[in-house]
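Chemist: What follows is a protein structure lacking sequence information:
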Ligand SMILES: C[S@@+](CC[C@H](N)C(=O)[O-])C[C@H]1O[C@@H](n2cnc3c(N)ncnc32)[C@H](O)[C@@H]1O
């Protein structure tokens, strides 16, 4: 076959042909690896290449590199590290796992397969919880009389399915008087949340438990008594849609983090059945869901009046799709 095509499809051979004493700049290496990724059908070829080169140069984004770093020839070690990381991307590993870290809101979190990589839309789920907590802290009901009108509440938040800890740790970071219980059924997720909490010095206000919402006993979730808020980005993909997910997801991420069963509601229903047992009166549940779910959840809650929960608001994601549910508890436990 055409040797050039052959080399592009086989980057080892192409790299051997490169002159290792040549001076190669960051900009040139970005184009080089972009070309290799494109020739191999790797999605987001340019972005992947930029992230890898920037990471090795100690920057978050290519955009943030100054003119000096862009024009300085890379060292052999840097080029070899870029090659090593790019080889992983060529195996369709998501760039977040390739780099081993990713940003979520203002935090940099460690990432490790197969623990679910936080998605950008989930940042909006965190914003909704923060808005509610800020509103509560301003509400006169939380003041404890004349002696101490400035007392702020100390919300207790439960996150179900914490993955890497993105939601739980972002909430702790923004709510300095809050405490969070973060649970996940997977040991790998619990360990990664723990590591991320420690790296971010947020370990003192969090309890991290291996807990399966389908089988665990609710008493375990109350180390600090009834909770103000339950938040979850549960597995909610309809089982029939799983096969259409990108190869990056199917090969590297834990599919148990995504597969919500036939109607995507398997774990959602477990969370809603648990919520009234552990929430304070007027406590809230915030869920990220599929756009088909808000109506399905409303119907299901109507068929379960015993849960005393109702949808109080549905919020849209940045594409205008209904993706976030605010559900409220109405009665004493
Ligand atoms: C979509 S991921 C969300 C991870 C993280 N909260 C985020 O937004 O990046 C769902 C998480 O729920 C966990 N999970 C799935 N089923 C569960 C169950 N029955 N009980 C507890 N956690 C569960 C998965 O292991 C996974 O970490």
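Modeler: Alright, I've got the coordinates. Computed from a prediction, not measured in an experiment: that's the story for all the values here.

Chemist: just for this protein, where's the confidence low?
Modeler: Across the chain, residues meeting the criterion (pLDDT under 70) sit at 1-22, 140-152, 331-333.

Chemist: residues from it in reach of the ligand?
Modeler: For the chain, the residues in contact with the ligand (C-beta under 6 Å from any ligand atom) are 116, 118, 122, 160-164, 166-167, 183-186, 189, 212-214, 233-235, 254, 256-257, 267. For the C-beta atoms, the positions are set from N, CA and C on the backbone; glycine is no exception.

Chemist: try it again with 5 Å
Modeler: 116, 118, 122, 161, 163, 166-167, 184-186, 189, 212-214, 233, 235, 257, 267 (C-beta under 5 Å from any ligand atom).

Chemist: Filter those residues down to the buried ones.
Modeler: Neighbour counting over the residues of the chain next to the ligand (16 or more other C-beta atoms under 10 Å) leaves 116, 118, 122, 161, 163, 166-167, 184-186, 189, 213, 233, 235, 257, 267 as the buried ones.

Chemist: any residues touching stretch 304-321, and which ones?
Modeler: For stretch 304-321, the surrounding residues in contact (C-beta atoms under 8 Å, 6 or more residues apart in numbering) are 120-121, 124, 128, 272-273, 275-276, 284-285, 291, 294, 297-298, 301, 322-331.

Chemist: PyMOL command to pick out the buried ones of those?
Modeler: Buried residues within the contacts of stretch 304-321, as defined by 16+ other C-beta under 10 Å, are selected in PyMOL through the command that follows:
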select buried, resi 128+272+273+275+276+284+285+294+297+301+322+323+324+325+326+327+328+329
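
Chemist: In strands only, show me the contacts of stretch 304-321.
Modeler: Helix and strand membership here follows DSSP state E; of those, those in strands are 284, 285, 322, 323, 324, 325, 326, 327, 328, 329.

Chemist: Closest to residue 91 out of those residues?
Modeler: Using C-beta to C-beta, residue 323 is the member of the ones in strands among the contacts of stretch 304-321 that lies nearest residue 91, at 31.0 Å.

Chemist: Now the nearest residue to that closest one once chain neighbours are set aside, what are its backbone angles?
Modeler: The spatially closest residue to residue 323, leaving aside those adjacent along the chain, is residue 317, at 4.1 Å (C-beta to C-beta, 6 or more residues apart in numbering). According to degrees, to the nearest 10, the main-chain angles of residue 317 amount to phi -90, psi -180.

Chemist: Residue 317: how many residues sit nearby?
Modeler: Number of residues near residue 317 (other C-beta atoms under 10 Å) recorded here: 17.

Chemist: ok, so what distance separates it from residue 120?
Modeler: 9 Å (C-beta to C-beta, to the nearest Å).

Chemist: For residue 311, which three-state class applies?
Modeler: What DSSP: H, G, I helix; E, B strand; the rest coil gives for residue 311 is strand.

Chemist: tell me, how many neighbours does it end up with?
Modeler: Other residues lying near residue 311 total 17 when counted by other C-beta under 10 Å.

Chemist: what do you get for residue 283?
Modeler: Residues within reach of residue 283, counting by other C-beta under 10 Å, total 24.

Chemist: Would you map the strands across the protein?
Modeler: 101-104, 107-110, 156-160, 179-184, 206-210, 227-232, 279-288, 309-316, 322-329.

Chemist: Distance to residue 138 for those - can I get that in TSV?
Modeler: Putting the strands of the chain into TSV (distance: least, C-beta to C-beta, whole Å) gives the following:
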stretch	distance to residue 138
strand 101-104	26
strand 107-110	25
strand 156-160	18
strand 179-184	20
strand 206-210	25
strand 227-232	15
strand 279-288	16
strand 309-316	18
strand 322-329	17
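
Chemist: can you tell which of those is closest to residue 200?
Modeler: strand 107-110 (6.1 Å).

Chemist: what packs against the closest one?
Modeler: Based on contacts counted as 3 or more C-beta pairs under 8 Å, 6 or more residues apart in numbering; DSSP states H and E, the elements that strand 107-110 packs against are strand 101-104, helix 166-174, helix 187-199.

Chemist: what are the pairing partners of that strand, and which direction each?
Modeler: strand 101-104 (antiparallel) (DSSP bridges).

Chemist: Now the strand it pairs with: buried residues?
Modeler: By 16+ other C-beta under 10 Å, the buried positions in strand 101-104 come out as 101, 102, 104.
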